[in-house]
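> Structure, please.
(2 chains)
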Amino acid sequence: MKNGFTFFLGLFLALALAWAGIVLGSHAQLGHLAPYFDENEGKAFPERLPGIAARGQLVYQDLGCAACHTQQVRRPDFGSDKARGWGDRQSVARDYVSQPHVQLGESRIGPDLANFGARPLAVDAERLTQYLYDQHGGMPPYRFLFETRKITGERSATALKVPAAVGMEVVPTHRAQALVAYLQSLNNVYEYPEARPVEPAEEKKEGAAK
Amino acid sequence: MTTAPSAATPAEVTEIDASARCSLLLLLGSALAWLVLSGALALVNLVQLNSPSFLAECPVLSFGRTQALQETAFIYGWAANAGLAVALWILGRLGGSPLRSLNWVITGTIFWNVAVTLGLVGIATGDAMAHTWLHLPRYVLPMMLVAYGTIAVSGVLAWTGRRNPMTFAAQWYAVAALFLFPWIFSAAQVMLVFTPERGVLQALVGGWFVQGAWTLWLAPLALTSAYYLVPKVSGRAIPSYDFAALSFWTLLVVGGWTGGRHFIGGPVPAWVASIAGVSCALLLFHYIVVGLNLRAAFSSGGSTVLKFVAFGLGAYVLGGFLDALTAIRGVALVTQFTYFTAAQSQLALNGAFSMMIFGAIYFLVPRITGQAWASSTLIRAHYLTAIIGTTALVAALAVAGWVQGHDLNDPAVTFAVIAGHTKTWLQVATAAQALLVLGNLLLLGHLLKSAVSSLLAPATATFRQPPTMEASVS
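Below you'll find the predicted structure:
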């Protein structure tokens, strides 16, 4: 290592090799991935996030929801993801191509949310909003996403059914509404060609086990 | 009992040390302040795991934000400042000349810490990015890059201007860390923040960045300290030194590929995880050689410096083996997405990195201040809290993670039940974290005391017996 230039070149090459392998390699494989156009349905999947849901994704990001929730379903023979009702198929790269800020997550202190929008809790926006306000099991309440304000005229349509002082109401802020819209938008059920092959055999296995 | 280490000689204290006093003390002081802050935030985070409504009314300290804050304060506050201080000092010493451009180091340190402070305020107020180890808001990133370069240039000058053309392992690791971090950091900034990749490529770049920041930056900084201190303090040459270079290049070439182990079963190309598994196994060569090279640390002969380094080395090697183990599909099935991963990262950061750097701090501070540490009791107390705290934290999180992983794989077990099963272990982890904060607070106080008294008293007057400067515990 007497030769400084060779040493620095070696350092740089070592770094560049791993970067090229992992980043450029997967870029070559996935960089061109586009939404899949289904002629029968006349639209492409995954669909773009509606504006309010895209704003909600920023709320999800800045509150660090990914500290407890993943958004990636593993294949049925690897873990209990399917049995827990988190998704019938494994997540594939195409599920995420329309998301500006991908939130795969690394920790499951709470359930996976990749297909949360399809679950009964998420279908009802009012119930989901209330859920964010209250504490549930291990999930903290997010009361700072709500404001208590004086009722002027009629009671707000979005007001929560929670105890409040006389003449006051608790309403979700724009951030809470955006977060709810984002959580409702999480639903990757469309079966892309690359997501199919694993399914049939696993269906049988799951059926037999039951 | 306090004993004198065998290797120190009167020639140990030179103008190399004295000239760098202000800049290195600034780096180390800010590093330790960040470490205490990060530990306190980690404590809040662990309390929140046990009682989720703790501080839930406070948007600044929601669970996710607290986690991002403590991680950022640890990596960019503690690890960066302390690692740079140690690397600069060792490069200066091995280079044989006083460090140059020290004013730039001070300027860079101030700007770096201002940027980290702004970054933490940004995270707390809603500007956080959602990438592990890169939660910092976009507006502080370019400033950090420039500040880092300003600090690191002194190390590069010490390397290029060294008197002895021969180089040592400690220098290779230090130069690699100084030189590679800006590349990794800027590549991640461009591909994740300024012109983000599409879809899961974001997660892949994020995984590459975290692994790169560990294998090519923090681990080399810690090894710089170990490769310098072990032969220096033990007074013995490094055994099997011929392998050290091969081990160094193995870490550099193979290490960056191992990040994909977190994507086993994920929505990314399967080869990413497979290559990571193979790379983790190849990297075991590096860990074994490091263990063999530096085994003298384990027979420390009462030197506290070496005791810290020995614990760090043990944690580093154990961490390497755990990485390889959890890269196996069957094991990942249990450990993935659980507290076990948190245990591994604590083992690496608190166990390996911090301990090796603590060893260096205890060795270098008396030399740059020209005064012995004020109290060997404080050093002993810090040592005990650090090893007990780290061991308990890592063990408790690992057990909690293992229990959680088994429970997650059984669909009949609800999340409320899992929380019940892991509660005791998380409480142990909380207590361990509290102990760590206490210990680090002791070190911060001790450093401040030394720094103040050295600035008030002329160094040469009080500095007489180098060999007794390190308090040693046996």
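> Please read off the pLDDT at residue 154 from the model.
Reading this off chain A. We have a pLDDT of 87 for A:Glu154.
> Chain B, not that one
pLDDT for B:Ser154: 93.
> Any chance you could list what contacts the helix or strand hosting it?
In this structure, B:Ser154 sits in helix B:141-160 according to DSSP states H and E. Contacting residues not belonging to helix B:141-160 are listed as A:4, B:23, B:27, B:76, B:80, B:84, B:87-88, B:91-92, B:95, B:97, B:99-102, B:104-105, B:107-109, B:111-112, B:114-116, B:119, B:136, B:171, B:174-175, B:178-179, B:181-182, B:185-186, B:189, B:193 [CB atoms under 8 Å, 6 or more residues apart in numbering or on different chains]. The way it works is simple: take the backbone N, C-alpha and C, and place the C-beta from them, glycine included.
> same thing but 7 Å
Residues external to helix B:141-160 that are found in contact with it (CB atoms under 7 Å, 6 or more residues apart in numbering or on different chains): A:4, B:84, B:87-88, B:91-92, B:95, B:99-102, B:104-105, B:107-109, B:111-112, B:115, B:171, B:174-175, B:178, B:181-182, B:185-186, B:189, B:193.
> before we move on, what about stretch B:127-135?
Stretch B:127-135 has contacts (CB under 7 Å, 6+ apart) with A:61-62, A:64, A:66, A:101, A:103, A:106, B:65, B:68, B:71-72, B:75, B:122-123, B:136-137, B:188, B:192-193, B:206, B:209-210, B:213.
> Buried ones among the contacts of helix B:141-160?
Buried members of the contacts of helix B:141-160, scored by 16 or more other CB atoms under 10 Å in any protein chain shown, are B:84, B:87-88, B:91-92, B:95, B:99-102, B:104-105, B:108-109, B:111-112, B:115, B:171, B:174-175, B:178, B:181-182, B:185, B:189, B:193.
> Report the buried residues of the helix holding B:Ser154.
With burial defined by 16+ other CB under 10 Å, the residues of helix B:141-160 counted as buried are B:141, B:143-145, B:147-148, B:150-159.
> same question, stretch A:91-102
A:91-99, A:101-102.
> For chain A, which residue gets nearest to chain B?
Residue nearest to chain B within chain A (CB to the nearest CB): A:Gly64, separated by 1.9 Å.
> need the next SSE after the helix holding B:Ser154, C-terminal direction.
helix B:169-188.
> Could you figure out how far the helix or strand just after that next one is turned away from helix B:169-188?
The C-terminal neighbour of helix B:169-188 among helices and strands, as given by DSSP H and E, is helix B:201-213. Per axes from the mean of the first three to the mean of the last three CA atoms, to 10 degrees, the angle that helix B:201-213 makes with helix B:169-188 is 160 degrees.
> Quick check: A:Glu147 is in a helix.
No: read with DSSP: H, G, I helix; E, B strand; the rest coil, A:Glu147 is strand and lies in no helix.
> Considering only the buried residues of stretch A:91-102, which also neighbour chain B?
The subset of the buried residues of stretch A:91-102 lying close to chain B, counting by CB under 7 Å from any CB of the partner chain, consists of A:91-93, A:95-97, A:99, A:101-102.
> and the two most separated of these?
With CB to CB as the measure, no two of those lie farther apart than A:Val92 and A:His101, at 18.5 Å.
> so who does the closest residue to chain A within the stretch 251-400 of chain B touch?
Per CB to the nearest CB, B:Gly256 is where the stretch 251-400 of chain B lies closest to chain A, at 2.8 Å. Residues near B:Gly256 by CB under 7 Å, 6+ apart: A:15, A:18, B:208, B:211-212, B:215-216.
> can you do 6 Å?
A:18, B:212 (CB atoms under 6 Å, 6 or more residues apart in numbering or on different chains).
> Relative to B:Val253, how far out is the residue nearest to B:Ala416 when sequence neighbours are not counted?
In this structure, B:Ala416 finds its nearest non-sequential neighbour in A:Gly137, 4.5 Å apart by CB to CB, 6 or more residues apart in numbering or on different chains. To B:Val253, A:Gly137 is 46 Å away according to CB to CB, to the nearest Å.
> Counting neighbours, go ahead and name the busier of those two.
In this view A:Gly137 and B:Val253 are compared by other CB atoms under 10 Å in any protein chain shown, and B:Val253 has more residues nearby, 19 against 13.
> mind listing the helices for the stretch 301-450 of chain B?
Using DSSP state H, counting those that start in this stretch, the helices assigned to the stretch 301-450 of chain B run over residues B:304-326, B:329-335, B:339-346, B:355-369, B:376-408, B:415-456.
> now chain A
Along chain A, the stretches classed as helices by DSSP state H are A:4-19, A:25-30, A:51-62, A:120-123, A:125-133, A:174-185, A:199-209.
> what about the second one, distance to the chain center?
Which is helix A:25-30. Here the centre of helix A:25-30 is set off from its chain's centre by 22 Å, with CA atoms, centre = their mean, to the nearest Å.
> That helix near chain B anywhere?
Yes: with CB under 6 Å from any CB of the partner chain as the measure, helix A:25-30 is seen reaching chain B through A:26, A:29-30.
> which parts of the stretch 201-350 of chain B sit against chain A?
Proximity of the stretch 201-350 of chain B to chain A, by CB under 6 Å from any CB, involves residues B:201-205, B:208, B:252-253, B:256-257, B:265-267, B:269, B:337.
> With adjacent residues omitted, what lies nearest to B:Leu441?
Spatial nearest neighbour of B:Leu441, chain neighbours left out: B:Val36 (5.4 Å); criterion: CB to CB, 6+ apart.
> low pLDDT regions in chain B?
The model of chain B has pLDDT under 70 over residues B:1-14, B:458-474.
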